[in-house]
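Q: Quick one, structure for this:
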Amino acid sequence: MADGGSFRFSSSTGTARNSLPRIQTHRKDNNNEICHDDSATPIKAQTIDELHSLQKKRSAPTTPIKSPTHVGAAFAAISEEERQQQQLQSISASLASLTRETGPKVVRGDPARKPETPRVAQATPNYFTPTPCVSDSALKFTHFLYNLSPAELYEQAIKYEHGSFITSSGALATLSGAKTGRSPRDKRVVKDETMKMSCGGESKGSPNIEMDEHTFLVNRERAVDYLNSLDKVFVNDQFLNWDPEHRIKVRIVSARAYHSLFMHNMCIRPTPEELEDFGTPDFTIYNAGQFPCNRYTHYMTSSTSVDLNLARREMVILGTQYAGEMKKGLFSVMHYLMPKRQILSLHSGCNMGRDGDVALFFGLSGGVYQLQQLCTGKTTLSTDHNRYLIGDDEHCWSENGVSNIEGGCYAKCVDLSREKEPDIWNAIKFGTVLENVVFDEHNREVDFSDISVTENTRAAYPIEYIPNAKIPCVGPHPKNIILLACDAFGVIPPVSKLSLAQTMYHFISGYTALVAGTEEGVKEPQATFSACFGAAFIMMHPTRYAAMLAEKMQKHGATGWLVNTGWSGGSYGSGNRIKLPYTRKIIDAIHSGSLLEANYGKTEVFGNNVPCLSVLLTHESGTSQWSDKKAYKDTLLKLGGLFRKNFDGFMNYKIGKDGELGEEIMAAGPIF
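A: From the prediction side, this is the model:
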C-alpha cells in the first residue's frame, strides 16, 4: 500500500476455514493501526423509522412569489399554513354532502404513513393532523392524497391495488376490472332549459341520454358517500387546453391510484406555482370506480352510470373502473364549453411541419394501423418523425390557432411492436399506465399480441414521452384538414381532394367500416357513421360543429382531403389493405403541397376529385384493380346508398349563417 502497509499470507498463524490462509492486514512495522479507515460521522438516527425519515428529502412546499404583480400576489400576505388550510377547505367543499349539514373532515396524507420522528419535525410539514372531531360521514377523517408524483402513485398501486405490477419497461400494468372499455349506453346528461336548446339530445348523431337534476344528485350523493367512507382518496388538480386564454381547471377525486396516475398523464400538469394559485376548479369529477349505482334509480339501466351535469360542472362515475370514462367525459365537457366561446372542439390528431404548416387528422378510434379492423390510422399518421406532434386525439381551434386539450396520449396497444410504432413503443416506460395487458409472470415482459383480458389494451403516457412533441402543444391555423376512412368496401380512392361542401359532408358523416369477422370465410363489411368523427362525445347538433369548421376553413384557406386507409382492388377478403408506407407517401405529398399541383378527375357516384397519373397512385387507384367491374359498380352504389340513408337525418337542419351552406352540402353527397 502507499503508506507502507501490505496484505500478506501467513502460514505460521494457521489457516482459515476450508484450508485457506488467513489474510492479515497489519502494517510491516507491526503497529496495531488499521490499514484502511472507513469510519464516518455516525448517522443521526436511533431507529429504522427515523433512518427512513432521513432517507427522503422534503419537497419545497411552495414556489416563491416572483413579485407583487404576479398572479399569485393575493396569496403573498398569508402564511404557508393558511395557504394549505385554504386548499383543505376547497377540497372539503368538493367532498361536501348535499343532503347533510356537513361533509367529512379532510386530512392531507396517507393514513398508513407512520408519524415522523421529532428529529425532522422542524421541517415544514407536508401532512396535516388536525384535532379529531366528529363528522357525519362514518365518524372519521377522509385522507386525501394530493397530486402525488408517479413514483408515489406506483407505490400506492402496487401496495394496495390487486393486479398492479411493474413491467420490464418500467410501465405500471394495471387492471380496470369488469369493464375494459367505455359504457356509452350508460352515459347520462342533465339538461336544463339552456341545454335543451343548445344540445343535440337524442337527435340524429348525438348519443346523449337525458336525466333529471334530482337523479343526478342521488348518484352524486352515492358517489361522494362512498369516497368519504374510504380511508383515503386521490385528488388531482390539473388543466385542460394548452391555450392559456381558454384553459379549464379540473379536479378529479378518485378511489384508485391507477386513476390518479392516468389523469396525471392525460391532463396538463400544473407547476408548483400554478397549484398554489389553483383555487376553485371549473369542473369536478367524482370517480367512485367499482361502487355501483342503484339500478332501481330512475334512468338507470345497469349498475354503471356516467353522469354529466354541465350546470353544476360536475361528473359522477359509478360502477366502472375504466379510466377512459374520465378522459372522454372531460372531452364532452369541452365540446360544450368551447363552442360557447366560438372555439371549435375537434376529435382529431394534429401535427406541424418545420415551416409551421399544421395538419388536422380526423378518424374514428381503433387499433394499431396494420390490424384489419376499424382503425383509421389517426394516431399513427399524426405521429411523424419529420413533423412536430401537437396532439393525438383532442384539440381546439380558436382565433389563436390550434391547441391540444390534453397533456398526454392514450394509445391502443394490441399487436404493438417496436418496428411498426417505435414512438409509442419507446413511450411505454416508467410513468406510463398499461391497461389490461398480459405479461410474463417472471420477467414482466408484455405480450402485446395477447388479448386474453381484452382487445382494448391501452397505454397512457405524458405527451413529452414522444421525442418530437411540441411543447407547449399549440400551433398556427391549420393548412390541411385530412379525413381518414378505413373503407373495407374498397371503393373509396386512396386520396381525394375535397371541396368545402364535400369536406362538410364527409365531416358530418364520419364514415369508416368495420370488418365483420374472419371466422370461416369472408364476412361482409359493415359501414359505420359517427358524426364529426366523434358522435359519442359531441354535446350539440353535429351541424353546429360543421358550420364552425366551414367558417374557419374559409377564413384561413385550409384544404380538405379524404384519405382511405382501408382496402383497394376489392372489398375486405378479396382486395388488399393499403400499406402504411403508401399512405404515408400520400400524407407527405399533402404536407409538401405537391399533390395540389396534380391533374384531377372525378369518380362516379361520390364525385371525388382524384389525382390523375400521379406517381403516388401507381397500382392501387380505384377500379383498375377490381377484376370484376360489375362487382365494383354494385359495391360503389351500395356504399353510396348507405351514405345517403345516414345523411337523411341531417336534411332538415340549417348549416351556416342563414343556412346558406345547407343545399351545397346536400349536393356534395353521392349522386346516382
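Q: Leaving out sequence neighbours, find the closest residue to Leu642.
A: Spatial nearest neighbour of Leu642, excluding adjacent residues (C-beta to C-beta, 6 or more residues apart in numbering): Ala527 at 4.6 Å. No exception for glycine: its C-beta is placed from N, CA and C like everyone else's.
Q: Checking that neighbour next. Helix, strand or coil?
A: Secondary structure for Ala527, judged by DSSP: H, G, I helix; E, B strand; the rest coil, is strand.
Q: how near is it to Leu639?
A: 7 Å (C-beta to C-beta, to the nearest Å).
Q: Ile471 too?
A: When C-beta to C-beta is the yardstick, Ile471 and Leu639 sit 42 Å from each other.
Q: what does Ile285 give?
A: For Ile285, the distance to Leu639 - C-beta to C-beta - is 40 Å.
Q: Also Ser571?
A: As defined by C-beta to C-beta, Ser571 lies at a distance of 10 Å from Leu639.
Q: shared neighbours of those two, anything?
A: When contacts are counted by C-beta atoms under 8 Å, 6 or more residues apart in numbering, Ser571 and Leu639 are jointly contacted by Phe489.
Q: who touches the residue nearest to Leu642 in this structure?
A: Contacts here follow C-beta under 8 Å, 6+ apart; on that basis Ala527 touches Phe489, Tyr511, Ala513, Leu514, Leu639, Leu642, Phe643, Asn646.
Q: Export those to JSON lines and append columns for secondary structure, distance to Ile166 and neighbour count.
A: Compiled in JSON lines, the contacts of Ala527 are given as follows (DSSP: H, G, I helix; E, B strand; the rest coil; distance: C-beta to C-beta, whole Å; neighbours: other C-beta atoms under 10 Å):
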{"residue": "Phe489", "secondary structure": "coil", "distance to Ile166": "44", "neighbour count": "23"}
{"residue": "Tyr511", "secondary structure": "strand", "distance to Ile166": "42", "neighbour count": "25"}
{"residue": "Ala513", "secondary structure": "strand", "distance to Ile166": "39", "neighbour count": "27"}
{"residue": "Leu514", "secondary structure": "strand", "distance to Ile166": "36", "neighbour count": "17"}
{"residue": "Leu639", "secondary structure": "helix", "distance to Ile166": "47", "neighbour count": "24"}
{"residue": "Leu642", "secondary structure": "helix", "distance to Ile166": "47", "neighbour count": "19"}
{"residue": "Phe643", "secondary structure": "helix", "distance to Ile166": "48", "neighbour count": "18"}
{"residue": "Asn646", "secondary structure": "helix", "distance to Ile166": "46", "neighbour count": "20"}
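Q: tell me the helices in the stretch 501-650 of the chain, going along the chain?
A: Taking DSSP state H, counting those that start in this stretch as the test, the helices found in the stretch 501-650 of the chain are 542-556, 580-592, 629-647.
Q: which stretch among these comes nearest Tyr299?
A: Tyr299 lies closest to helix 542-556 among the helices of the stretch 501-650 of the chain, at 24.1 Å (C-beta to C-beta).
Q: Enumerate the positions of the closest one that are buried.
A: Pro542, Thr543, Arg544, Tyr545, Ala546, Ala547, Met548, Leu549, Ala550, Lys552, Met553 (16 or more other C-beta atoms under 10 Å).
Q: name the helices or strands packed onto it?
A: Secondary-structure packing of helix 542-556 (3 or more C-beta pairs under 8 Å, 6 or more residues apart in numbering; DSSP states H and E): helix 324-340, strand 344-352, strand 478-485, helix 500-509.
Q: Please name the residues that touch Gly669.
A: Tyr505, Phe643, Arg644, Phe647.
Q: any common contacting residues for Ala527 and Leu639?
A: What both Ala527 and Leu639 touch, as defined by C-beta under 8 Å, 6+ apart, is the set Phe489.
Q: ok so, going back, please identify the most buried of the helices and strands packed on helix 542-556.
A: Among the helices and strands packed on helix 542-556, strand 344-352 has the highest mean neighbour count (mean count of other C-beta atoms under 10 Å), at a mean of 27.
Q: What pairs with that strand, parallel or antiparallel?
A: As defined by DSSP bridges, the strand partners of strand 344-352 come to strand 358-362 (antiparallel), strand 388-391 (antiparallel), strand 394-398 (antiparallel).
Q: pLDDT (mean, whole number) over the helix or strand following the first one?
A: Reading on from strand 358-362 to the C-terminus, the next helix or strand found by DSSP states H and E is helix 378-382. Mean pLDDT, helix 378-382: 87.
Q: Helices of the stretch 151-300 of the chain, start to end?
A: 193-198, 213-229, 257-266, 272-276.
Q: for the record, mean pLDDT for the longest one?
A: Within the predicted structure, the mean pLDDT of helix 213-229 is 94.
Q: list the helices and strands that helix packs on?
A: strand 187-190, strand 283-287, strand 305-309, strand 314-318.
Q: Could you rerun that using 7 Å?
A: strand 283-287, strand 305-309, strand 314-318 (3 or more C-beta pairs under 7 Å, 6 or more residues apart in numbering; DSSP states H and E).
Q: I'd like those strands laid out as JSON lines, including mean pLDDT.
A: Shown next, in JSON lines, are the helices and strands packed on helix 213-229 (pLDDT from 0 to 100):
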{"stretch": "strand 283-287", "mean pLDDT": "98"}
{"stretch": "strand 305-309", "mean pLDDT": "95"}
{"stretch": "strand 314-318", "mean pLDDT": "98"}
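Q: Looking at these, spot the one closest to Pro670.
A: Pro670 lies closest, by C-beta to C-beta, to one member of those: strand 305-309, at 35.7 Å.
Q: Could you check that closest one and say which residues are buried?
A: For strand 305-309, a neighbour-count test (16+ other C-beta under 10 Å) marks Ser305, Val306, Asp307, Leu308, Asn309 as buried.
Q: Can you tell me the closest non-neighbouring residue to the last one?
A: This means Asn309. Excluding the flanking residues, the one nearest Asn309 by C-beta to C-beta, 6+ apart is Val190, at 4.3 Å.
Q: Got the confidence number for that neighbour?
A: Per-residue confidence (pLDDT) for Val190: 92.
Q: go on, Glu441?
A: 90.
Q: again with Leu364
A: Leu364 is given a pLDDT of 85.
Q: how near is it to Ala536?
A: 10 Å.
Q: Those two - which one has more neighbours?
A: Higher neighbour count among Leu364 and Ala536: Leu364, with 24 against 18, using other C-beta atoms under 10 Å.
Q: ok, now which ones touch that one?
A: Leu374, Thr376, Gly510, Thr512, Thr528, Ser530, Phe533 (C-beta atoms under 7 Å, 6 or more residues apart in numbering).
Q: Output these in TSV, with neighbour count and distance to Gly431 appended to each entry.
A: Below are the contacts of Leu364 laid out as TSV (neighbours: other C-beta atoms under 10 Å; distance: C-beta to C-beta, whole Å):
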residue	neighbour count	distance to Gly431
Leu374	19	29
Thr376	28	28
Gly510	23	33
Thr512	28	32
Thr528	17	34
Ser530	21	32
Phe533	28	29
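Q: Dump the residues you listed to CSV, plus distance to Arg577.
A: Listed next are the contacts of Leu364 as CSV, based on distance: C-beta to C-beta, whole Å:
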residue, distance to Arg577
Leu374, 13
Thr376, 12
Gly510, 21
Thr512, 13
Thr528, 17
Ser530, 21
Phe533, 20
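Q: Quick one, which of those has the minimum pLDDT?
A: For the contacts of Leu364, the pLDDT minimum is Leu374, 51.
Q: ok, back up a step: as a markdown table, the helices and strands packed on helix 542-556 with distance to Lys159 would be great.
A: Compiled in a markdown table, the helices and strands packed on helix 542-556 are given as follows (distance: least, C-beta to C-beta, whole Å):
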| stretch | distance to Lys159 |
| --- | --- |
| helix 324-340 | 23 |
| strand 344-352 | 37 |
| strand 478-485 | 43 |
| helix 500-509 | 48 |
